[in-house]
Structure formats: structure tokens, C-alpha cells
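**Student:** please work out how this folds:
(2 chains)
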Amino acid sequence: MKPRIVAAALIAALGFSLTAHREPAGADNACPDQVVVGAALPLTGEESRVGGYFKLAYELVVAEYNKNGGILLPACHGKRPIKLITYDDKTDPATSRNLYERLAVEDHVDAMLGGYSTDLIEAQTVVPQQHQIPYVNGGGAATNIYKRGFTTIFGLLTSIQNLAFSEADFIEAMQAAGKLPKPLKIAIVAENTSHGRDFSDGLQQRAQQKPGNYKIVLNEAFDLHGKDFSPLLQKVKAANADAFMADAHLDDYITMQRQYKQAGLQHKYVTYGARGPEVAARKALGDGVDYIIAASWWNQGIPNEAVKSFDAKWAAAYPGQSPEWFSALPYETARTLFIAMTAAGSVDKAKVVDALRKVDIRDTVLPGGHIRFGADGQIVTPFVVTQNLPDGRTVIVWPKAEKTGDAVLPIPTH
Amino acid sequence: MNDTFDTLVNALLAAGLYAVMSYGLALIYGVLKIINLANAGVLMLGAYATWWMWSAWHVDPLLAPLIVIPVFFVFGVAIERTLVARVLGQDPIVSLLLLFGLWLVLQNVAYLAFTGDTRSIDDAFIDATFRFGDMQVPWPRVYVFAMGVLSLVALEAFLTRTQLGRAIRAIAQDRDAAKLIGVDVARVNAVAFGLGIAFAAFAGSLLALIFSFGPDFGRTLQLKSFCIVVLGGLDSIVGVAFGSIALAIAEGFGLRYMPASLQNLISFVVLVVVLIAFPKGISGMIRSVRNARDRA
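**Tutor:** Numbers count the residues shown, from 1 in each chain, chains lettered A, B, ... in the order given. From the prediction side, this is the model:
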């Protein structure tokens, strides 16, 4: 009996010591020696290109802050350096969720920064909500992420429905200018994700509101990361539409646009939603990306001082890597979190969440320059509509206030 | 009518693509009786090899297979000798896990070497098309289809007209009997595995002409290849060709009435139906019909 009691005592002691070890000194301390923020990013796998940019952007902001002594926390009477922890979720939702759990229970982060792509963010956001940790992302736009009644989740990507509305606003302006027919016969081809469904829903809503402007002749979903789109494109051809309106991730955009060109398809208006101006697409398809319209969360050409300043910082930190929307958005994501922490005065989680709810930041790199979250935690900002030109430039064609060039519509036939 | 014609042409072109990515799988299963789960990884490496030669040395992607095939044949032989030969004869799960592990290794090597960026070849030929009736047909797809047919003819000729090919067929039919008549089974295994890997890489090289790709390339195609090989009859090269045509036609016409997001569902429904109704696939059915006719 005695050895059993000793063993039980040892196990209990070990358990206690492990628990005690996992509880960091001052876990509830609102004024720690350093502010710890964490993120799990898709650094390998399908989304590794974008995930890599997110990491660079987060590191850039953290370096900027640390160079100046860290985040100012007025309630703590000074600045605190930031420690950034990043993990690779391998573009896998289950891994992503587990890593956020690790950030919460092992790393005891004060706040979390989000990863990229809708399915990963849908999976990972459960963790900060459960642990009531402030979480800000710049990589999840689907409205589903914000419709679950979560209270600690904030997102800087305005919704994909809003993307569809921005393109619709632009189309209506072009119809008024006589550059596109009215009604415009549209073929909607969207990826089979909540991202794609939001896009399709947005266009359908607008078509119902303004039946004189639109006639949907095809509405099809396709599998994410698909390979052979020829049967789908055959349906598009048969639909005899004026506009080809797709919503796709980068790899699907490249593959589909190549097959679109090979199939000899031509429309007066071609869009892949948020995709279009990416350097990788231009490299892969050459002039195959000419005239493509995109609605983007950010563009280097947005004429404001914050964008110029961001461009300069990015170029200095990462020479040779041109900034894309997926470098500007995570940059503002991290900045927004840190600004909210300063507003909260400390890293007290409830206070930071409250500060994020009230955040009102001007002079940002986003279109319109303004960051403020809606009641559901998702930002409401306009998109910029861009068009790729044959000379390799991408110009902003909408909204008028940020326009840097005129749209070439209908797309010239060749 | 035009739509039907377009669908048929598209389906045939897709069949060429499906066949070329499935031959290697069937060849390896036929001889070694193992399922090469690393097929997708080799397919991906074949695509990268072609892209790399094109971007670094300006090698014409149409000529790249002349380098890819022999290099990957040697790679396949090396894999068979060092890894696969050690697990032959053991429970099938052992080889499955080994080759699955190999696939993951290849994938991670690709991430390290090429990053996760989406790659594709931007060559004049890739965008070249011609008109066929009312339809615009891309040359790369015709080229891949032609390579599929050529591969079938070459493989059949090799298997039926060369001593090594006959040895491969002998082992595929009855391993013990082949040993008794003096076939060097270890050597034939290595050659068959090498050929299977070379075909997978060849397929990757061809697919790089049509698709963009990354280190995860081949995953969805691999599932389709399994369906085709089962549909064709597991170890029959001609069966694979027929299986490819059958699946491509089922998909092409099925998708005229179904959403495009169900494309993969068609493959799996076909797989389930074949496994239940004709477990020996198309080649098994043909053999049964022949036997019945002979008996009559």
C-alpha cells in the first residue's frame, strides 16, 4: 500500500508542478514586462505565398514599434517591447486551430493576430473566442466568420459581398457611360466556399434590386484548388454572357484564366473578384491578364500619404518584394491591435477588446483611409476597383475619388 | 448538337490527360502489387523539373520529357532498390505507409526548394489554339492527348515485343511461375518501378503545359488516377486507356446537367459502382466476354 501512496503523491506532485509551471508569473498581469502576440500562418502549403507576406508584414510592424521602445501602455506608465510568436499551420485548418490553442494555453499570449484564408480563419477564431483573447485578422473576408456572435474577433478585410457591391457600382457607372450594355448578361463562377458564396450572393442581391441592370445567365460553383475547368468553361461559353464574373484564389485564377484564353472565350467584362493584379499572375500568364478587372482591399496606387509611407518602409525592409494587398492588410492589422492596446492602457484582454470595438483610426493605407469595425467585428470600407493594362500597369478605375486611370471597357476583342 | 460535339472533344482530350497520369500507377500495381501513393509527388516533381529547365536554361517544355523520363527512371529504380524492395511481400499497409511518407517528403522538399508560390510555364505554345468546327482547341491539350496515345502504343509494344516486357507481363500474371522459368524478379521489379515513376514524371511534365502548380500539385489528380486504374482493371494498360475515356465522358456529359463543383463526385460514384458491379474493371469485363465467346 505504501508504495502506491508514494506513487500517487508523486503523480499529484508532478501534476501540480506541471500545472504550476504552465501558469506564468503574472498571467493576469495587465502590465507585463513584454507584450506577447502570436499568430499561426500558412507558411507552407497552398497558401504559403500569402502566408509568407503576412509574416513579413507582422514582423515589420513589430520591428517598427520595438525600435521606438515598444507599445505605449499608459496605465503601465511606459512602453513595453513586443514579442511576436509565429507558427506554421501548413494551410491546414485543424493544425491552425491547434496552434492557436497552443498560443493561448502554452504561450499565454496577450493578443492574437490572424492568419490567411477563410477556411483557416473560420477554424482558428474559435480559440480566441473560447479564451476571450483579443484577435485581429487581415485575411478573412467571408461574412460567416463574423456571423457567429463572437465577441473578441475583429477583421480588417471588408466582406466579399461588399466586393460584389463595389464591382456592381462600377458596372452601373460604366453602363451609364455607355461602355457596358444594359442589362448586362452575367455568368457567375465562384469557388465553393463561403468566400465564393458571398460573392455570388452579393451579385444576386444586386441583380434582384436592379433587374434592369443585370441578367444572370449562369451561376455555378467550382471546387477550390481545382485543376480542369474546361467543362465549367464550356458552360460559360454556352451561356453567351456579356460579363464573366468569377471569384477564385490565386492558383485557381491562374489556371482558370489560362484555360479561359485557350478556350477562346471573350467577354466585355472579366473579373476574378479580388484577384487580378498579382505579380505572380502576370508572370504566369503574361498578356493573358490584360484588361482583367479586380476589386481589391488595397492597391499601391491609392493616392494617399499613408500608402506612400508604407511603400517606402516595405521597400526598405524587403527590397525586391513588391507590396501586395496581402502585405498592406496584415501591416494595418498589427498596427490596429497595437493602437487598441495603447487606447486600452494595458494588455487587459477585456479592455483591449473594448478598445478594438471603439477603434477609429484615420490615415491608414486602406481605401478611404479609415478603420472602424461594425457591430459584428468586421470592418466596413470600400474596395478599389482596378484594371490591368497591356503596358503592365494596374490602374484604379473606381471609386472616382481614388481613380488613377480610365477603364478600357468593353474589353477589346482580338 | 454543337454542344454535344464540344463536350465529346473536350472529354477525349481530358481522357488523354487522365491516361498519361495513370499508366505509371497501373504498371507498378501490375508488377509489384503495391499502390504507389507517391505518384502525386513524382507528378509534381516532373512538373517542377520541366518548369525549372524552362526558366533556368530555356529548355523547350515540349522537349523536357527527353531529360525528365531517363532521370526519373533512374530515381525510380533507386527508390525501388533502397526502399520499396525492403517491404515487398509484407502487409500492403506497410508499402502504403512507406510511399505515403515518400510523397510527404517529396512535397516538403519541393516547398524548401521552390517555396509554395504558384508556378506555371508561359510559353507561346501554351496559349496556341486552332479552330475545329465551331470550337477553339488548345494545342497543349492535343499534344498531351497525342502523348497519351503514343505512350499507350509504346508501352504495349514494350510489354509484348521485348524480352524485358514479356518478363514484366509474366510476373504480373504469375510471380511464382515467372521465377520458376528463370525470370530475374528483383531486376524486373526495379525496372517496372522505374518505368512507373518515369511515366508519373512524364505526366507531370505534360501537365505543366496545362496547369499552374505548387508543391501540393497532384493530390486531386491522384484520386482521379485511382478511379481510372480501378475502372480500367488495376493492372491493364489498355484498360487504363479505356477507363480514362469512360471517366472523361462521364464527367463531361455529367457536368452538363450537374454543378461543376460535383466533378470529383462523378469520379467517386464511378469508382463505387465499378467496385461493386465490375470489380475487375473494364479489362476484366473484356476478358470475361472473350472467355465466354471462346467457350461457346
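**Student:** list the residues that contact B:Leu83.
**Tutor:** B:Leu98, B:Leu102 (CB atoms under 8 Å, 6 or more residues apart in numbering or on different chains). The way it works is simple: take the backbone N, C-alpha and C, and place the C-beta from them, glycine included.
**Student:** if you could redo that for B:Leu88, that was the one I meant.
**Tutor:** Contacts here follow CB under 8 Å, 6+ apart; on that basis B:Leu88 touches B:Leu32, B:Ile34, B:Ser95, B:Asn189.
**Student:** can we see that at 7 Å?
**Tutor:** B:Leu32 (CB atoms under 7 Å, 6 or more residues apart in numbering or on different chains).
**Student:** distance check, it against B:Leu98.
**Tutor:** B:Leu88 sits 10 Å away from B:Leu98, going by CB to CB, to the nearest Å.
**Student:** from A:Ala40, how far off is the closest residue to A:Glu332 other than its chain neighbours?
**Tutor:** Take A:Glu332 and drop its neighbours on the chain: the residue closest to it by CB to CB, 6 or more residues apart in numbering or on different chains is A:Thr364, 5.3 Å away. Remark: distance between A:Thr364 and A:Ala40 (CB to CB) = 25 Å.
**Student:** for B:Asn189, same thing?
**Tutor:** Counting by CB to CB - B:Asn189 and A:Ala40 are separated by 43 Å.
**Student:** same question for A:Thr158.
**Tutor:** From A:Thr158 to A:Ala40 the distance is 23 Å (CB to CB).
**Student:** quick one: which of the two has more around it?
**Tutor:** More crowded of A:Thr158 and A:Ala40, by other CB atoms under 10 Å in any protein chain shown: A:Ala40, with 30 against 23.
**Student:** confirm that the more buried one sits in a helix.
**Tutor:** No: counting by DSSP: H, G, I helix; E, B strand; the rest coil, A:Ala40 falls outside a helix, being strand.
**Student:** in the stretch 251-400 of chain A, what residue is nearest chain B?
**Tutor:** As assessed by CB to the nearest CB, chain B sits closest to A:Gly264 within the stretch 251-400 of chain A, at 3.0 Å.
**Student:** once you drop chain neighbours, what's closest to that residue?
**Tutor:** B:Gln136 (3.0 Å).
**Student:** so that neighbour touches B:Val142, yeah?
**Tutor:** No: B:Gln136 is not in contact with B:Val142 according to CB atoms under 7 Å; the separation is 11.7 Å.
**Student:** ok so, going back, phi, psi of the residue nearest to A:Glu332?
**Tutor:** The phi/psi pair for A:Thr364 (degrees, to the nearest 10) reads phi -100, psi 180.
**Student:** tell me where the stretch 101-250 of chain B has strands.
**Tutor:** Taking DSSP state E, counting those that start in this stretch as the test, the strands found in the stretch 101-250 of chain B are B:129-132, B:135-138.
**Student:** quick one: the first one to chain centroid distance?
**Tutor:** The reference is to strand B:129-132. The chain centroid and the centroid of strand B:129-132 are separated by 27 Å under CA atoms, centre = their mean, to the nearest Å.
**Student:** same for that strand, what does it pack against?
**Tutor:** strand B:135-138 (3 or more CB pairs under 7 Å, 6 or more residues apart in numbering or on different chains; DSSP states H and E).
**Student:** mind doing that once more with 10 Å?
**Tutor:** helix B:2-32, strand B:135-138, helix B:139-161 (3 or more CB pairs under 10 Å, 6 or more residues apart in numbering or on different chains; DSSP states H and E).
**Student:** circling back: isn't the residue nearest to A:Glu332 right up against A:Tyr331?
**Tutor:** Yes: between A:Thr364 and A:Tyr331 there is a contact under CB atoms under 10 Å: 9.3 Å.
**Student:** which one of those two has more residues nearby?
**Tutor:** A:Tyr331 (27 against 23).
**Student:** tell me where the chain has helices.
**Tutor:** Here I'm looking at chain A. With DSSP state H applied, chain A shows helices at A:2-22, A:48-67, A:93-105, A:118-124, A:126-131, A:160-176, A:194-209, A:230-239, A:250-262, A:279-285, A:305-317, A:325-344, A:349-358, listed in chain order.
**Student:** actually it's chain B I care about, not the one you picked
**Tutor:** Taking DSSP H as the criterion, chain B carries its helices at B:2-32, B:39-57, B:65-79, B:85-87, B:92-114, B:139-161, B:163-173, B:175-180, B:185-207, B:219-232, B:237-257, B:263-277, B:281-295.
**Student:** list the buried residues in the fourth one.
**Tutor:** This points to helix B:85-87. Counting neighbours by 16 or more other CB atoms under 10 Å in any protein chain shown, one finds that the buried residues in helix B:85-87 are B:Val87.
**Student:** and for it, what's in contact with it?
**Tutor:** Outside helix B:85-87, the residues that touch it by CB atoms under 10 Å, 6 or more residues apart in numbering or on different chains are B:32, B:34, B:79-80, B:93-99, B:186, B:189-190, B:193.
**Student:** which of those residues are buried?
**Tutor:** Taking 16+ other CB under 10 Å as the criterion, what is buried in the contacts of helix B:85-87 is B:Leu32, B:Ile34, B:Ile79, B:Glu80, B:Ser95, B:Leu98, B:Leu99, B:Asn189, B:Ala190, B:Phe193.
**Student:** re the thing from before, can you put the helices of chain B in a markdown table and add mean pLDDT?
**Tutor:** What follows is the helices of chain B, written out as a markdown table (pLDDT from 0 to 100):
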| stretch | mean pLDDT |
| --- | --- |
| helix B:2-32 | 87 |
| helix B:39-57 | 95 |
| helix B:65-79 | 96 |
| helix B:85-87 | 91 |
| helix B:92-114 | 91 |
| helix B:139-161 | 91 |
| helix B:163-173 | 87 |
| helix B:175-180 | 84 |
| helix B:185-207 | 93 |
| helix B:219-232 | 84 |
| helix B:237-257 | 87 |
| helix B:263-277 | 82 |
| helix B:281-295 | 72 |
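**Student:** among those, which is nearest A:Gly115?
**Tutor:** helix B:92-114 (17.1 Å; CB to CB).
**Student:** quick one on the thing from earlier: export the buried ones among the contacts of helix B:85-87 to CSV and tack on distance to A:His77?
**Tutor:** Listed next are those as CSV, based on distance: CB to CB, whole Å:
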residue, distance to A:His77
B:Leu32, 72
B:Ile34, 68
B:Ile79, 64
B:Glu80, 69
B:Ser95, 65
B:Leu98, 61
B:Leu99, 61
B:Asn189, 74
B:Ala190, 73
B:Phe193, 70
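**Student:** near chain B, which residues of the stretch 101-250 of chain A show up?
**Tutor:** A:189-192, A:196, A:219-238, A:249-250 (CB under 10 Å from any CB of the partner chain).
**Student:** neighbours of B:Asn291, how many?
**Tutor:** For B:Asn291, the neighbour count with other CB under 10 Å is 10.
**Student:** list the contacts of it.
**Tutor:** So B:Asn291 contacts nothing (CB under 10 Å, 6+ apart).
**Student:** from chain A, how far off is it?
**Tutor:** For B:Asn291, the distance to chain A equals 37 Å [CB to the nearest CB, to the nearest Å].
**Student:** what do you get for B:Phe100?
**Tutor:** 16 Å.
**Student:** once you drop chain neighbours, what's closest to that residue?
**Tutor:** B:Leu37 (4.4 Å).
**Student:** okay, and for chain A, where does confidence drop off?
**Tutor:** The model of chain A has pLDDT under 70 over residues A:1-28, A:414.
**Student:** which residue is nearest the centroid of it?
**Tutor:** Nearest to the mean C-alpha position of chain A, by CA atoms, centre = their mean, lies A:Gly139 at 2.4 Å.
**Student:** excluding chain neighbours, what is closest to that one?
**Tutor:** Among residues not flanking A:Gly139 along the chain, A:Tyr116 sits closest, at 3.4 Å (CB to CB, 6+ apart).
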